[in-house]
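**Q** give me coordinates for this.
(4 chains)
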Protein chains: 2
Amino acid sequence: MVTIADVASDAGVSPSTVSYVLSGKRSISLRTRRRVERSIRKLGYRPHAGARALASSRTNILALVVPLRADQNVPVVMRFVASTVTAARVYDHDLLLLTKDEGPEGLRRVAASSIADAIIVMDVEAAEPRVPVLRALRLPVVLIGVPDEPFGLACVDLDFAAAGSACVAHLADLGHAEIALIGPSPAVYERGTSYAGRFLRGFTATAGERGRSAASYACAPSYDAVHACVDDVLREHPGTTGLVVHNEAVLAALLADLRQRGLRVPEDVSVVAVCPEDMATSQSIALTSVDIPAAELGGAAVELAMRQLNGESRPEIRLLAPRLTVRASTTTAG
Amino acid sequence: MVTIADVASDAGVSPSTVSYVLSGKRSISLRTRRRVERSIRKLGYRPHAGARALASSRTNILALVVPLRADQNVPVVMRFVASTVTAARVYDHDLLLLTKDEGPEGLRRVAASSIADAIIVMDVEAAEPRVPVLRALRLPVVLIGVPDEPFGLACVDLDFAAAGSACVAHLADLGHAEIALIGPSPAVYERGTSYAGRFLRGFTATAGERGRSAASYACAPSYDAVHACVDDVLREHPGTTGLVVHNEAVLAALLADLRQRGLRVPEDVSVVAVCPEDMATSQSIALTSVDIPAAELGGAAVELAMRQLNGESRPEIRLLAPRLTVRASTTTAG
DNA sequence: TCGATCCGTCGATGCGCTTCGACAGTCCTG
DNA sequence: CAGGACTGTCGAAGCGCATCGACGGATCGA
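**A** Reported below is the predicted structural model:
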């Protein structure tokens, strides 16, 4: 293995000089720096991660806690992961993957063994049980999602309440009087997942303000569940002409089911989805949607983590404003 | 931070004794071990990952290289990831996530900085460009998938050729004379992804042996592409009664499309899928399928990596035998 | 010309751990 | 009862790096 000493002797300088060339923490003459950089390239030197971590107490690793359960929307989770790795690499960090299954103990393990510089947590519940543990860690923490008691923790999320509002407002503007929400799987609600409730509140509140009927249904991600859910909607609210779908996993099945029933989109029923953009455009009909900006969220989470690491900021809550894009699946009522 | 020295002085022993209690590399008297373990718990001691890595040149981290592109089947990729993390934790290792985008340079970076003990690589292509780099690394490497030149590298995969055979054999046994394969997206074939070709070869060979017509089609994961693909099948091979679907992403869309056309499954057309089990059972009709055993593959990959780390084995190729489960989507022809 | 100042570089130290050799004590064997 | 073979423990060295204080030399002003 090539060590800093090898580089130093090749360049005819001391190891500390090499270190300063690499870190830029002291000024080095241009001549020396050039020589050192040449030796580094020539020998293919890379600092030993463990040694660096030991000496500097920085690992250049970010831990990301993800839910790997079946009831989560896997493609969306994956987008977050992808954007987080990418953003982390921009700051010269790698990503350590933890599963939610490991629970608080896993968080303690990672923190206590100084394996990561910061922790990013996905799939945050309203009454998030990990919050006390996270707060007690010395590490910077960023939550993707906002728990009921976020004090002292940095959070990033889409403004789901505003998103719920936006969906209803759009349908209301188009003249729809009865609007139904097809929401996440019952499991998501039962767990008290934070975004589900916030979306629902925005949805309901705005429907009230605009004087629209607002029914909401939880829907598991299976063909049968979708079918049953549409049955419920049509039976309990036969006048429904606007559908808000806050459940990416059932979009395709829902559209197929509506078609099967002879209900045309958007002529008979307008559909607004909450999902990543490419998912909205790759359905059988391009869907009017509120984007779930996975890439921005991942990037923002990493950025907040880095800020905290550099002591540049206190924990803050950053809510991204929803963006509704009108496509082919919504039209005026009647 | 609690160090090994703190534990040692609390327990009244030397640091090296604590280390040996932890590693089990030398025998320690029961009495001493108990005392040390009590101190460890009492103080909440955890070895510093960096220090450990520096001293032992073992990081207890496994690197996993995953494809995060849209044309990959995301849920299946995620299953691999999940099973790999879980398996790694069993061996007390964590998982570092690398993206395929980082390419060979990323592999070198990770290896040269001694950030991981071994590398597991997913989404292997037939003419895999990373193979030379991987072979040159000093680290144990496990590929999930088998490239054309696997020599010197450990590989784990489903036996896709046998899987292709099994699908055809099942349909042939049921008397189907014209069989069509709906395969992965064209992008997958263009990339020369290793499993796609192997499956196709098994499919074609067995169809030949059994005297069946075997057409194959690449199909992109969108509703329109599926529709067009079925159009092609029916136009070019109107007598087709058996469909093999080696493309998890289009299953739901395909079933919906068939229904739309008035083609009943399995009365008019039998369908065999290649996909994870729960995906086969959660469609609108339970599908006869060859399982993609993501969990076993992830576990096997980790196991092979560990074996190599312990010097217990030379690189080997391990192909898992396919398992075809008959469900409601296939029946006798005619 | 002399001291003050700044720039660039070096040496030494320590981060927390694993591991090797050493050693005192115990047990067995002939 | 001497000698050897284990057992259980310790001390010291060293893993590769970052960082702090020190220091030589150049520059500048008076």
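**Q** how about the strands in chain A?
**A** A:61-66, A:94-99, A:118-121, A:141-144, A:154-158, A:178-183, A:213-218, A:242-245, A:270-275, A:288-291, A:317-320, A:324-325 (DSSP state E).
**Q** what helices or strands is the third one leaning on?
**A** Strand A:118-121 is packed against strand A:61-66, helix A:103-112, strand A:141-144, helix A:294-309, with contacts defined by 3 or more C-beta pairs under 8 Å, 6 or more residues apart in numbering or on different chains; DSSP states H and E. Backbone N, C-alpha and C define where each C-beta goes, glycine included.
**Q** partners of the first one in the sheet?
**A** If you go by DSSP bridges, strand A:61-66 pairs up with strand A:94-99 (parallel), strand A:118-121 (parallel).
**Q** including distance to residue A:45 and mean neighbour count, could those go into TSV?
**A** Shown next, in TSV, are these (distance: least, C-beta to C-beta, whole Å; neighbours: other C-beta atoms under 10 Å in any protein chain shown):
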stretch	distance to residue A:45	mean neighbour count
strand A:94-99	19	23
strand A:118-121	27	26
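**Q** can you redo the ones you listed as CSV with mean pLDDT and distance to DNA strand D?
**A** What follows is these, written out as CSV (pLDDT from 0 to 100; distance: least, C-beta to the nearest atom of the strand, whole Å):
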stretch, mean pLDDT, distance to DNA strand D
strand A:94-99, 97, 15
strand A:118-121, 98, 17
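**Q** of the helices and strands packed on strand A:118-121, which stretch is the most buried?
**A** strand A:141-144 (a mean of 27; mean count of other C-beta atoms under 10 Å in any protein chain shown).
**Q** so in that sheet, which strands flank that strand, and in what orientation?
**A** strand A:118-121 (parallel), strand A:154-158 (parallel).
**Q** mind putting those strands in a markdown table, distance to residue B:42 included?
**A** Formatted as a markdown table, those follow (distance: least, C-beta to C-beta, whole Å):
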| stretch | distance to residue B:42 |
| --- | --- |
| strand A:118-121 | 25 |
| strand A:154-158 | 32 |
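**Q** mind putting those strands into CSV with distance to DNA strand C?
**A** Below are those laid out as CSV (distance: least, C-beta to the nearest atom of the strand, whole Å):
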stretch, distance to DNA strand C
strand A:118-121, 19
strand A:154-158, 26
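**Q** follow-up on the earlier one: closest to residue B:40 out of the helices and strands packed on strand A:118-121?
**A** helix A:103-112 (11.6 Å; C-beta to C-beta).
**Q** that closest one and DNA strand C, are they touching?
**A** No: judged by C-beta under 7 Å from any atom of the strand, helix A:103-112 makes no contact with DNA strand C; its nearest approach is 9.5 Å.
**Q** helices of chain A, start to end?
**A** Per DSSP state H, chain A carries helices over the ranges A:4-11, A:15-23, A:30-43, A:49-56, A:74-90, A:103-112, A:131-136, A:160-173, A:186-190, A:194-209, A:223-236, A:251-260, A:277-281, A:294-309.
**Q** out of those helices, which one sits most buried?
**A** helix A:160-173 (a mean of 23).
**Q** how far off centre is that helix?
**A** 21 Å (C-alpha atoms, centre = their mean, to the nearest Å).
**Q** could you tell me which residues of chain A lie near DNA strand D?
**A** For chain A, the contact set with DNA strand D under C-beta under 7 Å from any atom of the strand comprises A:1, A:3-5, A:15-16, A:19-20, A:22-23, A:25, A:45-48, A:51-52, A:54-56.
**Q** how far away is the residue lying closest to residue A:12 once chain neighbours are set aside from residue A:302?
**A** Spatial nearest neighbour of residue A:12, chain neighbours left out: residue A:35 (7.1 Å); criterion: C-beta to C-beta, 6 or more residues apart in numbering or on different chains. Taking C-beta to C-beta, to the nearest Å as the measure, residue A:35 and residue A:302 are separated by 35 Å.
**Q** repeat that for residue A:201.
**A** 29 Å.
**Q** repeat for residue A:155
**A** 14 Å.
**Q** common neighbours of those two, please.
**A** Counting by C-beta atoms under 8 Å, 6 or more residues apart in numbering or on different chains, the shared contacts of residue A:155 and residue A:302 are residue A:142.
**Q** quick one: contacts for the closest residue to residue A:202 other than its chain neighbours?
**A** Leaving aside its chain neighbours, residue A:202 sits nearest to residue A:164 (2.9 Å; criterion: C-beta to C-beta, 6+ apart). Applying C-beta under 8 Å, 6+ apart to residue A:164 gives the contacts A:181, A:198, A:199, A:200, A:201, A:202, A:203, A:204, A:205, A:206, A:244, A:246.
**Q** contact partners for the third one?
**A** This means residue A:199. A:160, A:161, A:163, A:164, A:183, A:246, A:274.
**Q** out of those residues, which is nearest to DNA strand C?
**A** In terms of C-beta to the nearest atom of the strand, no member of these lies closer to DNA strand C than residue A:160, at 42.0 Å.
**Q** go through the contacts of residue A:164 and say which is closest to residue B:40.
**A** Checking the contacts of residue A:164 one by one against residue B:40 (C-beta to C-beta), the nearest turns out to be residue A:198, at 42.6 Å.
**Q** gap between the closest one and residue A:172?
**A** 19 Å.
**Q** please apply the same query to residue A:89.
**A** For residue A:89 relative to residue A:172 (C-beta to C-beta), the value is 43 Å.
**Q** shaky segments in chain A?
**A** A:70-72 (pLDDT under 70).
**Q** from residue A:295, how far out is the closest residue to chain B within the stretch 51-200 of chain A?
**A** Of all residues in the stretch 51-200 of chain A, residue A:53 sits closest to chain B, at 3.0 Å by C-beta to the nearest C-beta. Here residue A:53 is placed at a distance of 29 Å from residue A:295 (C-beta to C-beta).
**Q** could you give the separation of stretch A:251-268 from the chain centroid?
**A** Counting by C-alpha atoms, centre = their mean, stretch A:251-268 comes out at 29 Å from the chain centroid.
**Q** ends of that stretch, how far apart?
**A** Stretch A:251-268 has its terminal residues 17 Å apart, counting by C-alpha to C-alpha, to the nearest Å.
**Q** interface residues of the stretch 101-250 of chain A facing chain B?
**A** Within the stretch 101-250 of chain A, the positions near chain B by C-beta under 8 Å from any C-beta of the partner chain are A:101, A:102, A:109, A:110, A:112, A:113, A:114, A:115, A:221, A:222, A:223, A:224.
**Q** of all those, which two lie farthest apart?
**A** Maximum distance among these (C-beta to C-beta): 48.4 Å, for A:114 and A:224.
**Q** so what's the residue count around the spatially closest residue to residue A:89 that is not a sequence neighbour?
**A** Nearest residue to residue A:89, sequence neighbours excluded (C-beta to C-beta, 6+ apart): residue B:102, at 7.4 Å. Using other C-beta atoms under 10 Å in any protein chain shown, residue B:102 has 17 other residues around it.
**Q** ok, residue B:102 - contacts?
**A** A:89, B:65, B:109.
**Q** quick check, nearest of those residues to residue A:125?
**A** residue A:89 (29.1 Å).
**Q** and the end-to-end length of stretch A:10-24?
**A** End-to-end distance (C-alpha to C-alpha), stretch A:10-24: 20 Å.
**Q** actually stretch A:145-162, not the one I wrote
**A** Note: stretch A:145-162 ends 14 Å apart using C-alpha to C-alpha.
**Q** one step back: residues touching the residue nearest to residue A:12, list them.
**A** With C-beta under 8 Å, 6+ apart, residue A:35 has these contacts: A:11, A:12, A:13.
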